[in-house]
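Student: What follows is a predicted structure for the sequence shown.
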Amino acid sequence: MTKVALVTGGAQGIGQAIVQRLATDGFAVAVADLNLELAKQTAFELTTAGKQAIALKVDVRDQNSVTAAVQKTVSALGGFDVIVNNAGIGPTTPIQTITPEQFDQIYQINVGGVVWGIQAAVAQFKKKPRREHEIIGKIINATSQAGVVGNPNLLLYSSTKFAVRGLTQVAARDLAKDGITVNAFAPGIVKTPMMYDIAHQVSRHAGKDDNWGMQTFAKNIALGRLSEPAEVAAAVSFLASSDSDYITGHTLEVDGGMQFN
Ligand SMILES: NC(=O)C1=CN([C@@H]2O[C@H](COP(=O)(O)OP(=O)(O)OC[C@H]3O[C@@H](n4cnc5c(N)ncnc54)[C@H](O)[C@@H]3O)[C@@H](O)[C@H]2O)C=CC1
Ligand SMILES: CC(=O)C(C)=O
């Protein structure tokens, strides 16, 4: 039977590369994003290429919105096997500029969105029949190299990504008995709209041009180059496949050698 995956923030950047890769792997995919127009475009490109895909509007801050997106996916695609909690935002936050509004927004999206995604996915997974020790659902969360080591200028962002690694470990322990694995992926510096925006902001604070910001981040990459979104998607493909059935609670770093643990 065709497996079904939902990817939040699937309309652009890393999320888009993930839906494209999972569709190529044979999944029917739900492209769930705040930006419905972009999500439709991504899904359209996949269906035109003969893949099974739908577009859904979701705001991951909103528990009901995430639950509804998962339920719509089940109705439209006939099952539910994998959720990739990928949506996130990455504003630079010099310490003295942080406001309560900014704090709420980034924690609600980057942490809250993952919690609601886990919750909604588990409710579906638990409806499935299961043989002893069978893996019936996979939860895959986006953290970051900035969730492995604190990154300058990113106090709120970095700390949300540490939280995602923590909650991935807790959920992995809580859900193992139900045949659900929970893992995370930690990209490095990936060529996406988010990363170009961060590089722009960091460069602006330093009074330099945008290229300076990107090169500053790139300095610590052992493999000596920035990452393509498809390279992150390849790691997520593994975490979504049965090849990773004996892995849970793990953060897979896909950063060209920025961090070694
Ligand atoms: N680009 C990079 O270098 C890195 C990115 N990451 C993480 O990977 C994930 C994807 O990042 P990128 O593709 O770079 O970001 P991006 O900004 O290019 O794309 C993010 C997508 O999430 C969607 N989104 C934002 N808020 C949302 C909400 N409330 N509800 C639903 N969708 C929402 C946006 O509309 C967009 O389509 C994020 O969690 C990010 O923190 C981690 C490490 C490095
Ligand atoms: C955006 C991000 O996750 C970085 C810089 O690691």
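Tutor: Perfect, I can see it now. Numbers count the residues shown, from 1 in each chain. Ligands and ions are numbered 1, 2, ... in the order given.
Student: For the protein, what lies in contact range of ligand 2?
Tutor: Within the chain, the positions adjacent to ligand 2 are Gly90, Ser144, Gln145, Ala146, Asn151, Ile189, Met194, Met195, Ile198, Phe217 by CB under 6 Å from any ligand atom. Yep, even glycine has a C-beta here, placed from its N, CA and C like the rest.
Student: In terms of pLDDT, where does the second one sit?
Tutor: So that's Ser144. For Ser144, the pLDDT comes out at 98.
Student: and it, what does it touch?
Tutor: Tyr157, Ser158, Lys161, Ala186, Pro187 (CB atoms under 8 Å, 6 or more residues apart in numbering).
Student: For the first one, which three-state class applies?
Tutor: Following DSSP: H, G, I helix; E, B strand; the rest coil, we place Tyr157 in the helix state.
Student: Please report the distance of it from Ile136.
Tutor: According to CB to CB, to the nearest Å, Tyr157 and Ile136 sit 33 Å apart.
Student: Repeat that for the third one.
Tutor: Distance of Lys161 to Ile136, computed by CB to CB: 28 Å.
Student: What of the second one?
Tutor: Relative to Ile136, Ser158 is positioned 33 Å away (CB to CB).
Student: ok, now the last one?
Tutor: Using CB to CB, we find Pro187 at a distance of 27 Å from Ile136.
Student: can you give me phi and psi for the spatially closest residue to Met194 that is not a sequence neighbour?
Tutor: Using CB to CB, 6 or more residues apart in numbering and skipping the chain neighbours, the partner closest in space to Met194 is Gly90 (5.0 Å). Backbone torsions of Gly90, given as degrees, to the nearest 10, read phi -140, psi 60.
Student: Help me confirm that Gly90 comes into contact with Ser158.
Tutor: No - with contact defined as CB atoms under 8 Å, Gly90 does not reach Ser158; the gap is 9.4 Å.
Student: Ranking helices and strands of the protein by mean pLDDT, which lands last?
Tutor: helix 210-218 (a mean of 87; mean pLDDT, DSSP states H and E).
Student: any idea how far that one is from the chain center?
Tutor: Here helix 210-218 is found 23 Å from its chain centre; the criterion is CA atoms, centre = their mean, to the nearest Å.
Student: re the thing from before, pick the one among the contacts of Ser144 closest to Val7.
Tutor: Of all the contacts of Ser144, Val7 sits closest to Pro187, with 14.4 Å by CB to CB.
Student: what's across from that closest one in the sheet?
Tutor: Val254 (DSSP bridges).
Student: so who does it touch?
Tutor: With CB under 8 Å, 6+ apart, Pro187 has these contacts: Ile14, Ala142, Ser144, Gln145, Ser227, Val232, Val254, Asp255.
Student: residue contacts, the closest residue to Asp59 other than its chain neighbours?
Tutor: Spatially, and ignoring its direct neighbours in sequence, Asp59 is nearest to Ser65 (4.7 Å; CB to CB, 6+ apart). By CB under 8 Å, 6+ apart, the contact set of Ser65 is Lys57, Val58, Asp59.
Student: Over to Leu38?
Tutor: Neighbours of Leu38 in contact, by CB under 8 Å, 6+ apart: Ala11, Gln12.
Student: Which strand or helix spans it?
Tutor: Leu38 belongs to helix 36-48 when elements are defined using DSSP states H and E.
Student: Next, the buried residues of that helix.
Tutor: Leu38, Ala39, Lys40, Gln41, Thr42, Ala43, Glu45, Leu46 (16 or more other CB atoms under 10 Å).
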